[in-house]
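Trainee: the following block contains a protein sequence and its predicted model.
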Amino acid sequence: MERHLGGLGRPYHEGKARPYSLAAKALTATGVAVLTCAGRRRAGAVAGGAALLAGSLSTRFAVYHAGFQSARDPRATVEPQRARMANG
């Protein structure tokens with residue numbers, strides 16, 4: 001998502017959204033690592049699933065807060081509109 005947004009993905013790396021974005025990446029990576037290392041053990045599956053769920057929740061909060069930051073920044077709202085109008 002951030003790669004697709006390019007320069008417009010800046011709100012994910014600043015302000016209130018930044019800690020949620022970092023936590024989401026860390027929790028998702030941890031969940032995947034636990035799931036792959038745990039094999040077929042139930043405790044590992046539960047721990048990995050919980051980490052993935054927490055990562056998903058953190059991503060939602062990052063998107064929520066980044067939306068407000070993006071709306072406050074005129075470059076994030078006006079420039080894409082002008083680019084679409086120019087390509088018209």
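Mentor: Nice, I can see it.

Trainee: mind listing the helices in the protein by residue range?
Mentor: 2-5, 17-38, 42-72, 74-87 (DSSP state H).

Trainee: what comes up buried for the longest one?
Mentor: In this case it means helix 42-72. 47-48, 51-52, 54-55, 58-59, 61-63, 65-66, 69-70 (16 or more other C-beta atoms under 10 Å). From N, CA and C alone the C-beta is placed, and that goes for glycine too.

Trainee: relative to Ala38, which of the residues you listed is nearest.
Mentor: Gly48 (6.2 Å; C-beta to C-beta).

Trainee: correct me, but that closest one touches Leu35?
Mentor: Yes: contact criterion C-beta atoms under 8 Å: Gly48 and Leu35 qualify, at 3.5 Å.

Trainee: picking that back up, need the max-distance pair from the buried residues of helix 42-72.
Mentor: Counting by C-beta to C-beta, the most remote pair of the buried residues of helix 42-72 is Ala47 and Ser70, 34.1 Å apart.

Trainee: and the pLDDT for Ala23?
Mentor: Listed pLDDT for Ala23 reads 97.

Trainee: check contacts around it.
Mentor: Taking C-beta atoms under 8 Å, 6 or more residues apart in numbering, we find Ala23 in contact with Ala54, Gly55, Ser58.

Trainee: list the contacts for the first one?
Mentor: Applying C-beta under 8 Å, 6+ apart, we find Ala54 in contact with Ala23, Leu27, Gly31.
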